[in-house]
Structure formats: structure tokens, C-alpha cells
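> Here is a sequence with its predicted model. Questions after.
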Amino acid sequence: MSKKSEAKTVKKTEDKSSVEGKQKAGVSWRKVIIFLVKLAIVFLTLLAAYTLYLDSKVVAKFEGQRWQVPVQVFGKVERFKQGDSIDLSHISESLLINGYQRVNSPKKSGEFSLSQSRIIIFRRPFDFGSGVTTADLITIDVINQEVKSVYVDNKEVSDIALEPILLDRIIPENKEDRVLVPLQSVPELLLDTLLLVEDRDFYFHSGISPMGILRAAVSNFKAGRTVQGGSTLTQQLVKNMYLTRDKTITRKINEAIMALLLEYRYSKDQLLEAYINEVYLGQHYANGIYGFGLAAEFYFGKNIAQLSYGQMATLIGVIKGPSYYDPWRHEKRTRQRRDLVLRLMFEHQLLTKAEFLEAVNGPLAIRKQRRLTKNTLKYPAYLQLVKRELSEILFANEQQSGIRVFTSFSHYTQQLLENTVKEELDKFDTKNNQALQAAMIVTDIENGEIKALLGAKEPGFAGFNRALNATRPIGSLIKPAIYLSALERYQQYNLATILEDKPLTVAIDGEETWQPKNYDGKYNDKVSLLSSLVRSLNVPSVNLGMELGLNNVAKAIHLLGYPDDIVMRPSMLLGSLNMSPYQVNQFYLPIARNGFFIKGHAIEKIVSAQGETIWQFEAQEAQYISSQASYLLNYALQQVTKEGTAKSLSWRLNGQVTAGKTGTTNDQRDSWYVGFDQKTLVTTWIGNDDNKATKLTGSSGALVLYANFIKKYGVNSIEHQLPAGVSLTEFEDATGYAVAQSCPNTSKLPAITAGIALQYNCTEIKLDNTPIKKKSWFEKLFGN
């Protein structure tokens, strides 16, 4: 073969190999591309699945229970309309305690002015349960302690409501404390400054902002320090709400995806409101401070609507590092950060030059002590009652969803109660050389609202709550139940009925004997039913109770609200029964309400985080005592305060008409008094925790506390009209007979008409005051 032919053959072979190589290379690239496509499909499928997983996580928390929010407990929402009674000094004090400032002319929310006949309040935004009210200017005109007219923004309205005091936040187990703030309640300047510093493109980006990152880098480079963050508010919200603080690629990817998902699903305002309430802003001992609402109170002791320009700047500056910019530890550092934010506010025309200079030259105005000022407003004894009722109304998990609890608590009443007890018990302690304890409860008779509760002598004492948990013998406080049981049997008993008051021995179980005695150890032979109750005589009360039957007396005790079983022993007639002051208060409430039962309660309404009323107290009124028997019992209890064991009230209260009952237990271990006027029921107990003698009776101890409290609080004299079926009747003192003519030694008393049998002749009385049996006309005519 020639060289030429050989060369051609070689060339053909090479060309063939080249083609085959190219073909093989093409196949390889196609395989790679197909593999990559498949890999991309798998990746996208996994990414889609993972995104769906993250989306479900985002939705579940954002639309469900976002936070285990503390239960917010508020005092009474005061409402006023034309004709209501009002005390402007009480309103003024409430406003001051609630963080309002008294000024000559209110210009912004959180301020008020006061004169003798008018109060003007620039009310802060607040959700009363039907949506957030705006910051309104409220005017109340008053004449003679009565509302003449009410105005909102100078327009006359039918009624108005005043913002209640926040008593406490019951913090959940995760130790996160926060105050939920609706977006419309946040000052506009604070929102503008927040977006300026943290995310200027918030309303324009979709969750992540490359331009924001670039701008932040430039600003930080120019300032020589970090003045802006690169993360959007949405990313910060994701980090705080869903993720840990680990600085890993995985977390950053999750943050970006979830930010996009949040932006896709929810409006900007929803996200901004969530951020306002979620952002971490400090640490209060074991509890984290989350959200601007709580931070305003934590750092400045103010409502968010009352923050100054400098305080707004401080809060926004703290976002960058709550520990690094802790004002109590690093005041200079925090001031520098605040001033930087103020300068940004000025440069972007959010502040005038004068406002900027005033703010930048002003102090940080941080509270002196780190401990939240709300602790000084805590009333732990009352809050224990709130928690008890709350546990009966809602399950534990339902209490972690941001509910707001509105109560009937009156801080004015509570403080007056605390001051009275402290002042008077100090006097008793000095006089008797002992350290007594006390418990008191104040209740609105009309609606059963418990307005104040004291569980110990020491104000703010958070330990053993004697008002709720100290069960002690109630002594003579039990007696109205005995006499009520008799007065309901109007055909047998009335106020003039004669009872025996002689030495008495009662056999118990056939072997043991019991010999009750009157407090003074004396006997009166015979007394009227009215006199026995008014003077709180033991022996006639036992005789009456034994006549009625212990079972019938027990029924009356249960009827008045005592829930527990009763041991049927004669000693129960003199108050061997144990009750707490809270139970005693409930026991006397139907009596004070003229026979109508209502449950004494602290909680008025519970509102969800969304503003829906999920529970409201509804009075289940029932007439447990007839109006006739109730009137007679109340008449007797009024006589107790005029001429009986509580007669010192006649001069202590300057003749004002009240009703009540003293109670003293064996060896003066317990001093009780329950008193009421037309509007207010007050239960008072004094004793020693170790059950030692107090050296006080009901009239020398508990009654004194009641008198001093109610005199300062204001007495509303009782005014009861004779009910149908009751009339004033003349009774002979010695016999208890109702007489139809004028006789010597008689008393005019109210009585149930249907049970009265009139006697038309007077009974003759012997020298020893025993009645002489009347002779009939036949006996007089024929002798014998």
C-alpha cells in the first residue's frame, strides 16, 4: 500500500474516532443536563414541600395563639350619665394613680384638669371590649355631687366610660411579660421613627430588601458605627416569633422564606402590629419585656400614648441591643443611642429644631428603680379572689390567649380600707400590747360587686389571705339566721314574741350537757324577740333555736349562702360554725338586699384579645326571704346600731341610719362586725393568727374599724318603706300581745298583718310584772 493510501486510511480512522468522540460527549452532556433537571425538580419539590411546612407553621402561630400573653386584670370601668352621683375628688385620685397628669388645660391624651364643678379628661385610647376608642376629650359637668351633663369632644352624649386601672398582669409559665397594644393606639411619631430606623422600605418590599441591606451598610460605614440594621421588620418579626437566635445559614434561609410567606399572607398593618407587640426590649429579672406597650411602662412608668419624643427615641434605640443599651447599667451608652435616633428624626423632619433640642438636652427620664412600678399598685389579696373566680370560669389554656379581665375593684375604696385598718390596728396593738391581724371586705349591695378586699393588716401583703382562707367561729353573727327562721313563721312569732331568759341546761346525746350563758352572766327572766336580737342575748336565742328545731335553723343558714355541711349541735346556735370573712360577707348579702340573693363577685367581664366578650357576670337574682320577714329582720338590725350592742354607731356616725351585727367568740378570740347602709356592705374581722384572746369584743374592735371606714367613705342612710302585708302594731311589752286600744307599757312595732290576732282588752300586771289573767264578762258577773 502506498503512503498516500495509508494516509487516507489513517485520516478516515481519525475522522471516525472524532465523530464518535463528539457523539459520546454530546450524550454525556445530555445526561448531565437531564440529571441536573431531575435534581432541580427534586430540589424544587423538596423546597415546595418545605415551604408548605413553613407556611403551615407561620399560619398556625400567626392566626392562632401567637403568644402566651399575661392575663391583664383591670379595675372597675367607671361609667357616668346624667343624674349619676359622682365624687370628683375620687375621680381625680383614680386618674393620678392611673398615670394621668393634672394640668390647667389638657392638650394631649393622659392629661386632665379639675375644678369644683367640672372635670376635663383627655382620655387615652383604650379597648373597653367593643373596639379601641380614640383619644377623646371628655367633659363632665357636676352640680351637688350629681352629673349634670357629659361631653365627648364638645358634643353632648348620653354616657361615657373612664379608662380603668391596670391592677396586674398574671404572667404565664414561659415568663414572657407583655401588654398587647392595637396599632391604632401607638403614637404615629413612634411608628414613623421605627420605620425610619429599622426598615424605611417596609411598605414597599415583599419581606426581604436588598436595597435596605445596601443602604444600611452605607449608613453604618459613614457613621463609623451600626446605626441601621439590614434585616426588614418582617425578618425581625420572624426571628423573634418563630426562630432561635443562632447565626447559621439554615436559620437565615428559614428567616427569608418565612418573611416572604408572612408578606404574602398578611397585610403590612397586621405585620407591623405583630412586631410592635413581639419585639424584645429588655429583661425584668426573670421575665422578658416584649412589645412597646410593656416597655413604655418598664422604662418610664408610662402608657405608650404618653411617651415624650426622647422616650420614643430611647425605646427604638434599645431594639438594637436591650442588654447593651440597658439604661440602668449603661446610661451614657443609652443616651448616645437615643441622641442618634433623635438626630435621624430631626434630619427627616419628624421633629422641629426646637423639639429636637429640647429632647436631646433632656434627661433619659428612666424610672429610678428597675422593679416595675405596677408592683406598688398590686393588691394581692384582691387578685387572689380574681384568680379563684377566673379558674372557675376558664380553663388554664384559655387564660393564656391575651384575655382582659374587668373587675369591680375600686382603688379609692381599697386604699381607704388599708389606711383605716393600719391606723386603727396600730392603736389597738399599742393599747393591748399585741400584734393583731384583720380582714375586711367591701361590697356594693345593689349588684354584689366586691369593691375592695383586705387579707392582712399590712398593705400589699401577698401571703396568707385571711379574708378568703381564715375560717373562724363567727359567734353571734349566726343569730340573724335563727330569728329569720322564726319571723318567716309569722303565725307563731313576731318581734314582740316573749322568749325565756333563765338558766338553761341542754342535754347533748343523752349524756353530755351544755349550759349557755349570756355575755354578762345575767338573766332577764323574759325578753321580747326583738330585744333578744338587739342585745345579742345567748340564752333566749338558744331557746328560740331549739323551739324551731336545729334542722330549720340550718336550712336558714344554707338559704343565706353557706355552702358546707353543718354539724347539728346546739352550740351552732351561738356561732360555733366556722366561716371565712368572705363567706360571712356572702351570708349577710341577701339580708342587706332585703331578701334577694346575689353572688358577691370580683370579675365583671372577660374580653378576648380580639375584643370579643367571652364571659360576663349575669345576676341570678332570686328572692330567698320574703319581703315581710326581711323587713322585720332589717328593722331589728337597725335597732342593734341604735340601742343594742352596736349603739356607739349612733354617735360615731352622727345619727346616720345603718344596720349591723356584732360577733364575739369565746374568750374574745375573734372580734366581728358586719354593717351595711343603703348601698354598701362591710364585713370586718379582727383576731390573732395563733387564736389567742384579742381583749376585744365585736363592739370594741371590729365595729370601730367599720365606723371609721364608713364615715370617711360616706354613709348612705337606710330608707326602707313598709312592704305590703306589714303594718305598725301596738304590742304589750310584758305579754307580747297585740292590742287594739291604748294600753300602758306598750311598744309600736312592725308586724306581718296576717299573723296578728288583736286583743281588745289590756292585760293587768301584778307588782312583780307578771300578767294577770283577764276574766271574761261571765266570770266577772258570776264570780270565779
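Yes, it's here. Numbers count the residues shown, from 1 in each chain.

> Which residue ranges of the stretch 51-200 of the chain form helices?
Using DSSP state H, counting those that start in this stretch, the helices of the stretch 51-200 of the chain run over 88-97, 188-198.

> wait, which of those is closest to residue 708?
Of all the helices of the stretch 51-200 of the chain, helix 88-97 sits nearest to residue 708, with 18.0 Å by C-beta to C-beta. Bear in mind the C-beta positions are built from the backbone N, C-alpha and C, glycine included.

> one step back: with mean neighbour count as added columns, please give the helices of the stretch 51-200 of the chain in TSV.
Below are the helices of the stretch 51-200 of the chain laid out as TSV (neighbours: other C-beta atoms under 10 Å):
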stretch	mean neighbour count
helix 88-97	16
helix 188-198	18
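
> and stretch 260-279, how far apart are its ends?
One end of stretch 260-279 sits 19 Å from the other (C-alpha to C-alpha, to the nearest Å).

> Low-confidence bits of the stretch 201-350 of the chain, can you list those?
Counting by pLDDT under 70, the stretch 201-350 of the chain contains low-confidence residues at 211-230, 244-247.

> ranges for the strands of it?
Secondary structure of the stretch 201-350 of the chain (DSSP state E, counting those that start in this stretch): strands located at 280-284, 287-290.

> just how off-centre is the first one within its chain?
Using C-alpha atoms, centre = their mean, to the nearest Å, the distance from the centre of strand 280-284 to the centre of the chain it belongs to is 26 Å.

> Tell me which strands that strand pairs with, and in which orientation.
Strand 280-284 has these partner strands in its sheet, going by DSSP bridges: strand 287-290 (antiparallel).

> Could I have the CA atoms of the strand it pairs with written out in PDB?
What follows is strand 287-290, C-alpha atoms only, in PDB (Å, rounded to 0.1, in the frame of the first residue of the first chain):
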ATOM      1  CA  ASN A 287     -39.300  38.000  83.000                       C
ATOM      2  CA  GLY A 288     -38.600  39.200  79.500                       C
ATOM      3  CA  ILE A 289     -40.000  42.500  78.300                       C
ATOM      4  CA  TYR A 290     -41.800  42.100  75.000                       C
END
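
> Now do the buried residues in it.
Buried residues in strand 287-290, defined by neighbour count with 16 or more other C-beta atoms under 10 Å: 287-290.

> Those: which two are farthest apart?
287 and 290 (9.3 Å).

> tell me the centre residue of the chain?
residue 407 (3.8 Å; C-alpha atoms, centre = their mean).

> Surely residue 432 touches residue 692?
No. Using C-beta atoms under 8 Å as the test, residue 432 is too far from residue 692 to be in contact (10.8 Å).

> so residue 703 is in which element?
Element membership of residue 703 [criterion: DSSP states H and E] is helix 702-713.

> So which elements touch the helix or strand just after that helix?
Using DSSP H and E, the next helix or strand after helix 702-713 towards the C-terminus is strand 726-732. Packing contacts for strand 726-732, counted by 3 or more C-beta pairs under 8 Å, 6 or more residues apart in numbering; DSSP states H and E, involve helix 627-643, strand 746-752.

> What is the neighbour count of residue 560?
Residues lying near residue 560 (other C-beta atoms under 10 Å) number 20.

> Give me the nearest residue to it, chain neighbours excluded.
Distance criterion C-beta to C-beta, 6 or more residues apart in numbering; nearest residue to residue 560, sequence neighbours excluded, is residue 587 at 4.9 Å.

> In terms of pLDDT, where does that neighbour sit?
Residue 587 carries a pLDDT value of 96.

> got the contact list for it?
477, 481, 557, 560-562, 579 (C-beta atoms under 8 Å, 6 or more residues apart in numbering).

> and which of these is nearest to residue 545?
Distances from residue 545 to those, taken by C-beta to C-beta, are shortest for residue 481, at 9.1 Å.

> Can you tell me the element that closest one falls in?
helix 479-487.

> centre of the chain versus that helix, how much separation?
The answer for helix 479-487 is 35 Å, by C-alpha atoms, centre = their mean.

> Name the spans of the stretch 551-700 of the chain whose pLDDT lies under the cut-off.
Counting by pLDDT under 70, the stretch 551-700 of the chain shows no low-confidence range.

> could you pull out the strands for it?
Using DSSP E, counting those that start in this stretch, strands in the stretch 551-700 of the chain cover 578-579, 596-597, 603-607, 613-616, 622-623, 659-664, 670-676, 680-687.

> strand partners of the first one, parallel vs antiparallel please.
Sheet pairing of strand 578-579 (DSSP bridges) gives strand 472-473 (antiparallel).

> Give me the mean pLDDT for the strand it pairs with.
Mean per-residue pLDDT for strand 472-473: 94.

> Of all the helices of the stretch 51-200 of the chain, which one is nearest residue 702?
Nearest of the helices of the stretch 51-200 of the chain to residue 702, taken as C-beta to C-beta: helix 88-97 at 25.3 Å.

> Can you report how many residues lie near the nearest residue to residue 153 once chain neighbours are set aside?
Nearest in space to residue 153, with sequence neighbours left out and distances taken as C-beta to C-beta, 6+ apart, is residue 137 at 5.3 Å. Counted with other C-beta under 10 Å, the neighbours of residue 137 add up to 17.

> and residue 137, what are its bridge partners?
Beta-bridge partners, per DSSP bridges, of residue 137: residue 122.
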